[in-house]
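K.L.:
Next comes the sequence, and after it the predicted model I'd like to discuss.
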Amino acid sequence: MASKTEEKYAVRVKRHRILLVAFLCLFGITLTASGWALDLQQEENTAAPKKQMRVELIHADRTVQRASNKNVQILIGNVEFLYDSIRMYCDTAYNYNNRNYFEAFGNVRMNQGDTLFLYGDYLDYDGDKRLVRVREKDGINSVRMENKNVVLLTDSLNYDRVRNLGYYFDGGTLEDSSNVLVSEWGEYSPQTKVAVFNYDVELENPQFVLKSDTLIYSTLTRVANIVGPSDIESGQSYIYSELGYYDTDARKAYLLNRSVLTNQSKVLIGDSVFYDEARKYGEAFGNVEMDDTLNRAMLLGEYCYSNELTGYAFATDSAVAIEYSQGDSLYMHGDTLKLVTFHIDTDSMYRQLQVFHKVRFYRTDIQGVCDSLVFNSQDSCLTMYYDPVLWNSGQQMLGEEIKIYMNDSTLDWAHIINQALTVEQKDTVHFNQVAGREMKFYFEGKDVRKADVIGNVQSIFYPEDEDSVMMGMNFIEASRLNLYRKDGKMERIVFITRPTGTFTPMLLIDPNKMKLENFVWFDYMRPLSKEDIFYWRGKKAGQELKKIIRKEVPLPTL
């Protein structure tokens, strides 16, 4: 059974998916509503324009009328204009009476209420178009727009009062209480608090740096909406995404479109990815890949969870573990795969890969099935539980429990515990068989070279002549024997203790005595390829291991 932790995460997967869809819908509705509001505002200004207002001169220390053009009024000293709710100040100005237009020079300042302020060296205002243009003259970003705690710096800024939008087109910087954003082109709406940036966008935060080609940013929520190729770097963590959201305060990312999360040697990819930078955990949904390039191992599935602080990870829904350190990859599938780290960040650290249930694995040299499996990095031991069956070349091995010991990801030796049985098929009728209490198989390269059979040994063996023709059947019993194989076939048997048995020529063999009592041939269960690990085939009725009730040792009587 899955633990409460897995059940909690299963619920969380469903909840996350629902929240993600709801979040996207809400954002879409917000953008649509904002678009409608802007469209309606434009329609109102276009279809039913208000009564034309003119720029009004409030004060100037001195007024000069230009002789060459009586429609141009030169204003000098502490100049102040009023237009609607906007007040504009400067040192000198040209007021064009016939055009509803003026130009301002020196110490230019524009106030819209008590929330929006514009500063620059030069400003011109077209009252008919309701367009303000602010410029600088000394080669630095001296044009400044302030909206409460938001400051926009550039050398050329246009402010469209119809759309309540300020925009720059030759490089600028926007700064709020948390972040500094730099781009070649950008716009900011004081009303919606939303900024749009294009070309060489860079968002700087004390904790991370976000680089993008296109970015939408809210100074109200401090959430960055990623809508183009973007990179987020934070310490040893790196994120690549082309679509998603990043909460710069909470440092949480909601990413779509096969986004990539990298932390040191670990890479997490999914159709959608959630990552909490502060708490160092991530979740991925849909065609997920979690790759540990240092240990050369990978987890695949439809859902993966990974916690960097605890070293805990798990995958489910078509989950696959792949070990590819030796070139010939091992593919392992189960309902759930867990990676648990013990004594993390200490010299005693080790990991366990736990796989359950309906486990199947495949590599060209070894295949296996069982109900549950644990691989421990501490002793490089892979333990198969509950009806395990193991295959190597033409040999089948099974027992109550199987332990496989690895040496640098290559097979070293295997230990079959209780009701051990190994079978080698000669043809459709004849099988070499050895049964015992336990067996130890020793590998040489990719094949079994030697096996030790210990306790209650029974063997059926078909010796061959020089022409590989079976001569008869040997039935032998002993307490211990050694079995040797060569070229993937049983070569000879050496008895450690005195055996008893019989030899029967081929023509005299009784068909009812050709198989040991616990003989079974599970060829229909064997995984045939890395794709076949997904297709579970359990044991047929009547072929399960017989339960052995072991007697308890009686306590001594005093």
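P.N.:
Arrived safely.

K.L.:
can you pull the contacts of G394?
P.N.:
Neighbouring residues of G394 by Cβ atoms under 8 Å, 6 or more residues apart in numbering: 424-425, 488-489. Heads up, the C-betas are built off the backbone N, CA and C, glycines and all.

K.L.:
Poorly predicted segments of the protein, please.
P.N.:
1-53, 67, 139-141, 546-558 (pLDDT under 70).

K.L.:
quick revisit: and the contacts of G394, which are buried?
P.N.:
E424 (16 or more other Cβ atoms under 10 Å).

K.L.:
quick one: which of the contacts of G394 sit in strands?
P.N.:
424-425, 489 (DSSP state E).

K.L.:
For burial, what's the neighbour tally of S265?
P.N.:
12 (other Cβ atoms under 10 Å).

K.L.:
Please report the distance of the residue lying closest to it once chain neighbours are set aside from E233.
P.N.:
Spatial nearest neighbour of S265, excluding adjacent residues (Cβ to Cβ, 6 or more residues apart in numbering): L294 at 3.6 Å. According to Cβ to Cβ, to the nearest Å, L294 and E233 sit 20 Å apart.

K.L.:
Which residue of the two possesses the greater neighbour count?
P.N.:
A side-by-side neighbour count of L294 and E233, using other Cβ under 10 Å, places E233 first with 13 against 9.

K.L.:
buried residues in stretch 427-447?
P.N.:
For stretch 427-447, by 16+ other Cβ under 10 Å, it's 430-441, 443, 447.

K.L.:
before we move on, the earlier item: now the ones in strands among the contacts of G394 in a markdown table, please, with extra columns for distance to Q458.
P.N.:
Formatted as a markdown table, the ones in strands among the contacts of G394 follow (distance: Cβ to Cβ, whole Å):
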| residue | distance to Q458 |
| --- | --- |
| E424 | 15 |
| Q425 | 18 |
| K489 | 20 |
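
K.L.:
excluding its backbone neighbours, what's nearest F519?
P.N.:
Q433 is the one closest to F519 (Cβ to Cβ, 6+ apart), at 5.7 Å.

K.L.:
partners of that neighbour in the sheet?
P.N.:
Counting by DSSP bridges, Q433 is bridged to V423, I460.

K.L.:
residues contacting it?
P.N.:
421-424, 458-461, 515-516, 519.

K.L.:
Against P499, how distant is it?
P.N.:
Distance from Q433 to P499, by Cβ to Cβ: 15 Å.

K.L.:
List just the nearest of the contacts of G394 to R480.
P.N.:
The closest of the contacts of G394 to R480 turns out to be E424 (Cβ to Cβ; 19.7 Å).

K.L.:
was I right about that closest one contacting F431?
P.N.:
Yes: using Cβ atoms under 8 Å, E424 makes contact with F431 at a distance of 6.6 Å.

K.L.:
where do the contact lists of those two overlap?
P.N.:
By Cβ under 8 Å, 6+ apart, no residue touches both E424 and F431.

K.L.:
Which strands or helices does the helix or strand encompassing L481 pack on?
P.N.:
Element membership of L481 [criterion: DSSP states H and E] is strand 472-486. Judged by 3 or more Cβ pairs under 8 Å, 6 or more residues apart in numbering; DSSP states H and E, the packing partners of strand 472-486 are strand 447-461, strand 489-495, strand 500-505.
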